[in-house]
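A.B. asks: Quick one: sequence plus predicted model below, questions after.
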Amino acid sequence: MSFRQFAFGLTASFGIAWLAVVIVPFFMMRHLKPVEFKEAADGKEGIYFPKSAGRVTNGAEVYAANGCAHCHSQLIRPVYAGNDLGRPDWAGLKNDEERGDTRRQSNIFDYQGEKFAQIGLSRLGPDLSNVGRRVEKIYCKDGGDPKSWLLSHLYNPRANPKLVTSKCPSFPFFFETKEIEGQVPANAITVKDGEAVVPGPEALVLVDYLLSLKRDDAVPASMNHLPPVPKGAPKPAAPAAAAPQG
């Protein structure tokens, strides 16, 4: 083999991988085409248009800057690639009191409005694709405030008796300690010795972003990666539940 052939082969090997992993996905995300619901497959017509609320862009920047993606994923894999649908509450809720089973896999529209898709590097902590829904429906099901719950978690995750073994780091630099003069601030996380801990702007936008993560809306059948079901056959159940991760 000549050096010229070697150089060409090496360039082609890396170039094809770069094209497939970087360039093609970039242009796919940049020019997303609307996906239609079909009456025959979905039971309704219209255009799929995912909605999100909150300061998504600013919060995503704080999320990225503080390395949250090192320990948390935001990717519910299709059934042929993993067992995420069976993980309790990761892919949506199995028994939502209003909508029934809302579990689904991730799709390209889930990352609209973000400069980078925060799919994550590892899963030392649970997946956050639906953390906004999980906090509202599970952690605060007895009437707690989801925003206050998340702010307290950011300040000190292990202060919650149910999360004493949490590996999530604390982010006290997101908060300010103020001396109480008169009434206690309404947004105080904790009060001690005449001082109140209140969230700063980074904490507020990050919590808004986390509460916006509710990726469990119904998607068109054409975007569903589940294996096709023969006519007349029952819909396959999600994979068996796996043990939740820390």
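C.D. replies: Yep, that arrived. Quick caveat: nothing in here was measured; it's all calculated off a predicted structure.
A.B. asks: Residue 14: helix or strand, and which one exactly?
C.D. replies: Residue 14 is part of helix 3-18 when elements are defined by DSSP states H and E.
A.B. asks: Could you give the separation of whichever helix or strand comes after that helix from the chain centroid?
C.D. replies: Sequence-wise, the next helix or strand downstream of helix 3-18 (DSSP H and E) is helix 24-30. Remark: helix 24-30 is offset 20 Å from the chain centroid, using Cα atoms, centre = their mean, to the nearest Å.
A.B. asks: can you list contacts of helix 24-30?
C.D. replies: For helix 24-30, the surrounding residues in contact (Cβ atoms under 8 Å, 6 or more residues apart in numbering) are 108, 111, 117. All C-beta spots, glycine's among them, are computed from the backbone N, C-alpha and C.
A.B. asks: rerun that using 7 Å as the cut-off
C.D. replies: residue 108 (Cβ atoms under 7 Å, 6 or more residues apart in numbering).
A.B. asks: do the same with stretch 109-124
C.D. replies: Under the contact criterion Cβ under 7 Å, 6+ apart, stretch 109-124 has outside partners 32, 50, 52, 56-57, 60, 63-64, 69-75, 167, 215, 245-246.
A.B. asks: Kindly recompute the last result at 8 Å.
C.D. replies: 29, 32, 35, 48, 50, 52, 56-57, 60-61, 63-64, 68-75, 127, 129, 167, 215, 245-246.
A.B. asks: before we move on, the earlier item: how about the helix holding residue 14 as CSV, C-alpha atoms only?
C.D. replies: Taking C-alpha atoms only, helix 3-18 is exported to CSV below (Å, rounded to 0.1, in the frame of the first residue of the first chain):
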residue,chain,number,x,y,z
PHE,A,3,1.4,6.4,1.3
ARG,A,4,-1.2,8.1,-1.0
GLN,A,5,-3.6,5.1,-0.6
PHE,A,6,-3.0,5.1,3.2
ALA,A,7,-3.7,8.8,3.5
PHE,A,8,-6.8,8.6,1.3
GLY,A,9,-8.2,5.6,3.3
LEU,A,10,-7.5,7.4,6.6
THR,A,11,-9.2,10.6,5.4
ALA,A,12,-12.2,8.7,4.1
SER,A,13,-12.6,6.7,7.4
PHE,A,14,-12.7,9.8,9.5
GLY,A,15,-14.5,11.9,7.0
ILE,A,16,-17.4,9.5,6.6
ALA,A,17,-17.8,9.2,10.3
TRP,A,18,-17.7,13.0,10.7
